[in-house]
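> Got a sequence here, can you build the structure:
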Amino acid sequence: MEKRLKSGIPGLDPLIGGGFIEGSVNLLCGGAGTGKTIFGCQFLLQGLREGEPGLYVTLEEDREDILNDVAEFGWDKEFREYEKKGKFLLASEFPTKISDLQTKIIEAVERINAKRFVLDSLSIAEMGWAEEKDIAKLRREIFDLMRALKRIKTTSLLITELRGTKALSTLGFEEFLADSVIVLHYLEYSALGTPRSLMIRKMRRTSHATEIFPFEITKKGIVVKKG
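Now for the predicted structure:
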């Protein structure tokens, strides 16, 4: 039986078979304001509290911006304490090639023996890479990145942007490579009673829920409600 890691998101684990499969690569898709960064930080914090070192790599914000984003929950102090203990690493990277990004990620994971990893965001990197690379080659390189993450047995959460298209990712193929896909939506007018909702579009080797579930961003972070 495969080991499951708790997501850290109240209400989510019962919907995904108890948590994320250990060593899996998971895609978190959503538009602006849906709570992707909060979700990623909550996922890492859950692991840190259980003794699992974590790595957060941001490609679009400074590290202090990320910590400021979660300060309202009081997590910034907690993350800084874990960082002092060598259990957590928050890195801001601006690679020009996917191979450079992969090298930096693997080195950082091995440096702190990270069991959980968040990349924020894959979309930002792809927009730059796609301008100078053909899509077939980029697909292979992203596949290589995901395979490398699996090889080192870290449980990964790759954030990607939704931009109003049918595709769940920037280039339209990442969702087929990932082990799971969770989609966050923000609707100004919603019959669910809250503007934010979550759907598990895919999770390999898991009998997962298929409904749309409302969620709220509370003082303690994201909480998924029953549909």
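> Next up, identify which helix or strand the most centrally placed residue in the chain is on.
With distances taken as CA atoms, centre = their mean, Leu157 lies nearest the centre of the chain, 3.1 Å away. Assessed by DSSP states H and E, Leu157 sits inside strand 155-161.
> Tell me which stretches of this protein form helices.
Under the criterion DSSP state H, helices of the chain are mapped to 36-49, 63-69, 75-84, 98-112, 122-129, 135-151, 174-177.
> Looking at those, which is nearest to Leu12?
With CB to CB as the measure, helix 36-49 is the member of the helices of the chain nearest Leu12 (9.2 Å). No exception for glycine: its C-beta is placed from N, CA and C like everyone else's.
> And the average pLDDT for the closest one is what?
What helix 36-49 shows for mean pLDDT is 98.
> List the buried residues in it.
36-48 (16 or more other CB atoms under 10 Å).
> One more: stretch 27-38?
27-30, 34-38.
> likewise stretch 218-227?
By neighbour count on 16+ other CB under 10 Å, the buried set for stretch 218-227 is 221-225.
> With stretch 69-76 instead?
For stretch 69-76, burial by neighbour count (16+ other CB under 10 Å) applies to 70, 73, 75-76.
> Name the nearest of those residues relative to Ala114.
Trp75 (17.5 Å).
> does that closest one really touch Gly40, like I thought?
No: the pair Trp75 / Gly40 is not scored as a contact, 11.3 Å apart, by CB atoms under 8 Å.
> Return the item of the buried residues of stretch 218-227 having minimum pLDDT.
Minimum pLDDT across the buried residues of stretch 218-227 falls on Lys225, with 92.
> can you pull up the bridge partners for the closest residue in space to that residue that isn't next to it in sequence?
Once flanking residues are discounted, Lys225 sits nearest to Pro214: 4.7 Å by CB to CB, 6 or more residues apart in numbering. For Pro214, the beta-bridge partners under DSSP bridges are Ser197.
> Neighbours of Pro214, how many?
Residues within reach of Pro214, counting by other CB atoms under 10 Å, total 20.
> Distance-wise, check it relative to Leu184.
With distances taken as CB to CB, to the nearest Å, Pro214 is found 11 Å from Leu184.
> what's the answer for Leu12, then?
Where Leu184 is concerned, Leu12 sits at a distance of 11 Å (CB to CB).
> Quickly list what's touching both of those two.
Leu198 (CB atoms under 8 Å, 6 or more residues apart in numbering).
> mind checking which helix or strand of this protein has the lowest mean pLDDT?
helix 122-129 (a mean of 63; mean pLDDT, DSSP states H and E).
> Pull the number of nearby residues for the closest residue in space to Asn113 that isn't next to it in sequence.
Of all residues not flanking Asn113 in the chain, Pro53 sits nearest, at 5.5 Å (CB to CB, 6+ apart). Residues lying near Pro53 (other CB under 10 Å) number 22.
> What of the one 4 residues further on?
By other CB under 10 Å, 21 other residues sit near Val57.
> Check the spacing between it and Phe176 real quick.
Val57 sits 23 Å away from Phe176, taking CB to CB as the criterion.
> Kindly report the same for Ile66.
Here Ile66 is placed at a distance of 29 Å from Phe176 (CB to CB).
> that older thread, can you add distance to Arg80 and give the buried residues of stretch 218-227 back as TSV?
Formatted as TSV, the buried residues of stretch 218-227 follow (distance: CB to CB, whole Å):
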residue	distance to Arg80
Gly221	17
Ile222	21
Val223	24
Val224	27
Lys225	31
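> Okay then, goodbye and thanks.
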